[in-house]
Structure formats: C-alpha cells, structure tokens
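> pasting a predicted model and its sequence here:
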Amino acid sequence: MSASDSSTVSAPSPHAPPERKPGARGGLILLALVVLVAVWAFWPKTVEVTSEFAEHSGLNLDLHKPDALIESQHLARLPRDLLKVPVLHDLLSEDFVFYYEGNADRLGVVGTLRRIAYEHELEWRDELVAEMLDDSAQIALWRGSDGKLAHALLRLRLGTMAQIGKSLAEVAAKDTQLQQVAVIRGAGEAVPVYRLRYGWDRAVLLASVDDQLLVFTSPALLEADGEAAGQLGKAQVEQLDELLRGKPVFAPRFALSALQGEHRISVSTDYLAMGYGRLLPQWAAVRAEFDGEQWSAFMAVQDLDAAAVEFAPLWSAMPDAPAACVAVPVSREALKAVLGKLSLAQSFPTALADQLGGPSALCWYADSRLHTPLLVTRLQGAAKADDAALGEAFGQMIGTPEPSHGDQPFAVDVSQQDGQVHWSRRVTSLWGVHAADEADNAENLQGRRYFDVGLARHGEMLLFSLDDRLVTKAVATLDRRYPPVAERLPDGVVPALVAPQRLATLLEAEVLNSLPEDVESIFRNAAEAHLLPKLRAMGTHPNIAMGLPADVAGDDDAQWVPVTWTQW
C-alpha cells in the first residue's frame, strides 16, 4: 500500500475553536438555571407596604406594660456605672462594660448602616449608633417564652441627628435591607414603619417622628404572624400613638415620676418571681437609681397591712447560717384560688387551703442544694391545725412510683411528740441530694440518687423542704436546740438577706455538679478559670440584710419606699 493510500488524521489548527462535547451545552444551561433559582430564592424581595391590620401582633404584648424598664440620660454609660456597685464590680469584668461594643447584633446593625450610608451617599458618621446611645433613652423589656427578657422597645432621642428620620424614606425606596413595611397614624400624622434587615435572618422595626426614634428589636412586637403575616397588630398600633407623641406611657406601669438622676432601672415583681407574681400582689416592683455618685434602691408596695410583713416569727424558725433568704407576703386569696384547683383534683384537702397564705420565707443553705431550700410559713386562722389533712396532702403530692416497691411510692414516715408532727418520704430522683449507696435501704433503690422530703408542723409553724435535714434542723431551732438566724438580724422589716461567702460556696458546688469533669471537661475548665474566681471574690463581701421602713404597711395606696442595707 502506498503512502498516499494510507489513512491520515490531520492535526487541528491552533486557531480553530475547540470541539464541544455532546451534552456540555445542556449542562451549562442547567447550572445557570440552578444559580438563578438560588439567587431568586435568597434575594430580598420588595416588601409590600400595607395599611391593613391584624387583630393583634404575633407576641400580643401590652406595649404599655413592660416587665422591666431602663431609663437613662446617657445610655452608653450605664454598664460602666453599674460597676460602681461593689458586688457587681467583683462579679463583672471590663468585658461587661465593652460587651455591647462587640455584640453581634450591634455589629450587624452598624455594618448595615455603614453600607447604606456609603451606597446612598448619606452624611451618617461611623459613630452614629454610639452617639444615639449616648443620649437620653428608654428601653422597655418583655420576657420571652423561656422567661428571659427577650423583646425590647427602645425610644431614642435623636437630637441633632433628627435628619436621620427623613433619610429613612429616601433610602427605603431603593434599598434591599431597609424597606418600608407599613404606614400608621401616630402623633397626628402618617408615620412610616421600616424594617431593617441585618445579619442573615435578623431584623428590627423602626419608626421615627420629630426627634425620636422607636426601635423594636423583635418585629413580632408589632407584626402579626400566621395567615395575617405582614400586617401590624391593631391593638399594638393603637398603643403606639402615645409613644410617638413622646408621652411617658411606661411611667404608670411602675408609678414613676420624671427621671432626675443619671439612670433608673425598674423591674416588676411578677418577672422577678418567675411567674409567681400573682401570689405577691403587695410587692409591685423594685427599682434602682443612680444619681451620678451612688446607687439607691426602692420597692413599690400596695395594699399592705402589718400582718403581711410580720416576718420576725419566720426568722425565729430559720436555722442560723443561711446562704440567702427571702420573705414575702403571700396573698391568701390568690393562693386559695390555686389550691382550690388542687382540691378539685382531689390532691389537696379543702379545709387546709383556708389555713395557708400570709408571710412566708425561703432560705438556702450551703450544705444543701440550690433546688432544696427550706420553706417556713404560718398556719392562719383560729382553727386548730388539721394534722390529718396535712398528712393527706403530703402523701398525695409527694412521691413517685418506685419499681422496687411494686410501682408504689415508699411509705410516709410519721413521728409525733410534744405538739409537733414530722412527715418524711424517700423519693428516688436523678436530682436527689443523696447518693443511693448512702441509703439504709440501698438495695431497694433503683435510681442513682434520692431525696428525703420532709414536712413538719411545730405549733402554728409549717416547715417544708426537699432536704429533710433542713426540716429537722428547723424543728431543733424552734425547740431552742439550735440558734435561729433572727438573733443576728437588725430590727424592723427584713424581707431578704445574703451571706456572700456561703452563697458563693453553694453556687460553686452547683456549677461543678452541673459540669461533670468526665462529660463537660471544656466547660468545666472555662468555669474554673473565669466563673469560680468571680464567685470567690463575691464571697469576700460582708453579710447584708435588706430593710424596709417600719411603717411600710401604714398606707393602703401604692407607694415607693426606700430600701436600706445593713450588715448582719
């Protein structure tokens, strides 16, 4: 075969376009479509401005009744001034003062505002947020579903920066992160409401009138959810009018006059009592004020009679050396309503409900646990104590099925002598005070830990604790075989006391118990390095008792009374 007849493959020209493989064009088109869909899904959509209203917002909170209120002439200085309280100075560090400087939400908002100012050529200084926070402000706070203060409404005075409000409308018309979402009537004029998006999925609502700016850290304070999502709650919008007019709408909630000092922090007792505030209607709120030099404390009381604050007999029953104690006037009417429901469930004798209520006290001890305080109260009324009813209530409400005991609770041990009765029952629990191998019936305990729960009546005094050792010690105190804490306290009305050294010991034990070294070694090391030294520093402070005026129960009207602090 000649060379001319042989098959040859010519080399491709260096200038010729590469040959496309079959399916490559389709793959590129598919990739482009995927990118377009992803961009469309995550790109901020234009928010329709609405004037329609839902019945209420998603959170459905009363905007005139916050759980806590912070008022300040210079809000940015508040963290620094809090450190002037000696105990807080030892507990908190410089990180607390600068916490909000590096807070993720603040950095997110500042970064968004900087971008908006740059892209829209606005004359907003980098220090814009810092300058707004360094002026007079109010922060109203509401608790979230977890009980923490999670939702806030800030009322900031813009002062010389009032032009910011006018700039919002211009920016919202052409920005993806700042958009107008509604128009409401407030302060006699149409007020636009804006949503400022920051971070990945965070947002705040803004409304501005004249020289004030309202900031809602949780959009659900105003916006509805569910089928009405995107609409504002009518009930909350109606409350906004007075806010936009600059009226002191939060003051009636806490019976406050105009702020005279630098800072004022007011907190409702309902929040401090973790939801049990309805049992303590006579304690309305507490507040702390800073006049530029020192802090002062006050308590709001109402409808208070002398019997409600008769705490001296309670302190006479409390064993000496507590870590912390608190005494409160429990409303008999409110408690009766709660106990009435238990009576309907046949777990609480009706006759006994009429004898409970009035002054009650709780004390925590360093040799016990944080969840096992000692409760002391007095049986009310002229009727003789019904020990049978007390024993019945204890037996029905205390106990758990024990597998080693036929799925029945262990028996209640009862002892009687000299006009006193003591009930106790062993209950297995993961959170028990004692290890199972310490029990005299260890072979019958299938859990790793257990409680010995105790209840005792000594005369008219009623004693209860999940740690029966405390009940036994309280009985010995009433028998004058153990010293009471009353011997160390100042005269007058004492609703609370703290022994920092013993409290630090108790808290340190709780921290270490909650962070087992073989399970939570990283967090335990962090706690030992950072938290425990703070607790030990707190423990160096003297014992302090909180005092109220002797005539605190002299007026039926709501009033703020000064709180004093005395070493004991």
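Happy to help now that I have it. Being a predicted model, the structure only gives us computed values, none of them experimental.
> shaky segments in the protein?
Within the chain, the stretches with pLDDT under 70 are 1-51, 93-134, 159-166, 168-170, 172-174, 186-188, 345-346, 382-383, 554-557.
> domain map for it?
As assigned by automatic domain parsing, the chain contains the domains 53-272, 306-499+543-567.
> got the end-to-end distance for the longest one?
If I follow you right, that is domain 53-272. Start-to-end span of domain 53-272 (CA to CA, to the nearest Å) is 34 Å.
> ok, now the last one?
Distance between the two ends of domain 306-499+543-567: 24 Å, counting by CA to CA.
> gap between that domain and the chain center?
Distance of domain 306-499+543-567 from the chain centroid (CA atoms, centre = their mean, to the nearest Å) equals 25 Å.
> any chance of the domains of the chain in a markdown table, with distance to residue 532 and mean neighbour count too?
No exception for glycine: its C-beta is placed from N, CA and C like everyone else's. Written out in a markdown table, the entries for the domains of the chain read as follows (distance: least, CB to CB, whole Å; neighbours: other CB atoms under 10 Å):
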| stretch | distance to residue 532 | mean neighbour count |
| --- | --- | --- |
| domain 53-272 | 12 | 17 |
| domain 306-499+543-567 | 15 | 17 |
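> and residue 511, which of those domains is closest to it?
domain 306-499+543-567 (10.0 Å; CB to CB).
> from residue 272, how far off is the spatially most central residue of the chain?
Nearest to the geometric centre of the chain sits residue 148, at 2.7 Å (CA atoms, centre = their mean). Applying CB to CB, to the nearest Å, the value for residue 148 to residue 272 is 13 Å.
> may I have the phi/psi pair for the residue lying closest to residue 343 once chain neighbours are set aside?
Closest residue to residue 343 apart from its sequence neighbours, by CB to CB, 6 or more residues apart in numbering: residue 350 at 4.6 Å. Here is the backbone geometry of residue 350 (degrees, to the nearest 10): phi -60, psi -40.
> ditto for residue 242
When read as degrees, to the nearest 10, the backbone of residue 242 gives phi -70, psi -30.
> does residue 282 touch residue 302 like I think?
Yes - using CB atoms under 8 Å, residue 282 is in contact with residue 302, at 6.1 Å.
> so between the two, which is more surrounded?
Comparing residue 282 with residue 302 by other CB atoms under 10 Å, the one with more neighbours is residue 282, at 20 against 15.
> measure residue 432 to residue 468 for me?
The gap separating residue 432 from residue 468 is 12 Å, by CB to CB.
> between those two, which contacts overlap?
Counting by CB atoms under 8 Å, 6 or more residues apart in numbering, the contacts common to residue 432 and residue 468 are residue 451.
> who wins for proximity to residue 530 among the domains of the chain?
Among these, the nearest to residue 530 by CB to CB is domain 53-272 (8.6 Å).
> please state the offset of the closest one from the chain centre?
The gap between where domain 53-272 is centred and where its chain is centred comes out at 18 Å by CA atoms, centre = their mean.
> over to stretch 561-568?
How far stretch 561-568 lies from its chain's middle: 25 Å, per CA atoms, centre = their mean.
> contact partners of it?
286, 296-301, 488-490, 497, 542-549, 552.
> out of the domains of the chain, flag the one nearest residue 535.
Of all the domains of the chain, domain 53-272 sits nearest to residue 535, with 8.0 Å by CB to CB.
> give the contact list for residue 489.
Per CB under 8 Å, 6+ apart, neighbours of residue 489: 315, 497, 545, 568.
> now with 6 Å?
315, 545, 568 (CB atoms under 6 Å, 6 or more residues apart in numbering).
> got the residues you listed as a markdown table, with secondary structure and distance to residue 195 columns?
Putting the contacts of residue 489 into a markdown table (DSSP: H, G, I helix; E, B strand; the rest coil; distance: CB to CB, whole Å) gives the following:
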| residue | secondary structure | distance to residue 195 |
| --- | --- | --- |
| 315 | helix | 54 |
| 545 | strand | 49 |
| 568 | coil | 53 |
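> quick check, nearest of those residues to residue 442?
Distance to residue 442 across those (CB to CB) is lowest for residue 315, with 37.5 Å.
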